[in-house]
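**Student:** Sequence first, then the predicted structure, then my questions.
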Amino acid sequence: MVVGRVRQVASVSARAFVAPRREIGGNPVTIFHSSEPTTSDERTELARTCAWESIVIEDNKSESSADESPPTFHFYMPSGEEVSFCGHAAIGACSFLANKKSIISHDKS
């Protein structure tokens, strides 16, 4: 019997190009965040669960180095097609990562 590995991928719905504390307007994006590499098939499956564009962020942490490499971004259409870039998804992802880093920094102090 082969036992599959369970991977945790966080999912956040966000909107780019919207005024702070507003719940309407802007461009919607779903952000998937994984601390481990994902396969193309896994990312495609995630994208197909969305009604709009999505981005999969993969952390690039190396156990052999104290330096943290920038994360890898994968952009997807709702059809599951990977595209080279999506502006509002990139902005949403950067905002997500900045907020996450801010939360982690506050937790350490």
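**Tutor:** Perfect, I can see it now. Numbering: from 1, shown residues only.
**Student:** contacts and neighbour counts: CA atoms only from here.
**Tutor:** OK.
**Student:** Helix or strand with the lowest mean pLDDT in the chain?
**Tutor:** helix 87-108 (a mean of 78; mean pLDDT, DSSP states H and E).
**Student:** Is it correct that Glu42 falls within a helix?
**Tutor:** Yes - Glu42: assigned to a helix according to DSSP: H, G, I helix; E, B strand; the rest coil.
**Student:** what's the distance between it and Gly25?
**Tutor:** Distance of Glu42 to Gly25, given as CA to CA, to the nearest Å: 30 Å.
**Student:** what's the closest non-adjacent residue to Lys61?
**Tutor:** Sequence neighbours aside, Glu68 is the residue nearest to Lys61 in space, at 5.5 Å (criterion: CA to CA, 6 or more residues apart in numbering).
**Student:** ok, the one you found - how many residues close by?
**Tutor:** Glu68: 11 surrounding residues under other CA atoms under 10 Å.
**Student:** Make residue 1 into 54 and carry on from there
**Tutor:** Noted, 54 is the first residue going forward, which turns the last one into Glu121.
**Student:** pLDDT score for it?
**Tutor:** Looking at Glu121, its pLDDT stands at 71.
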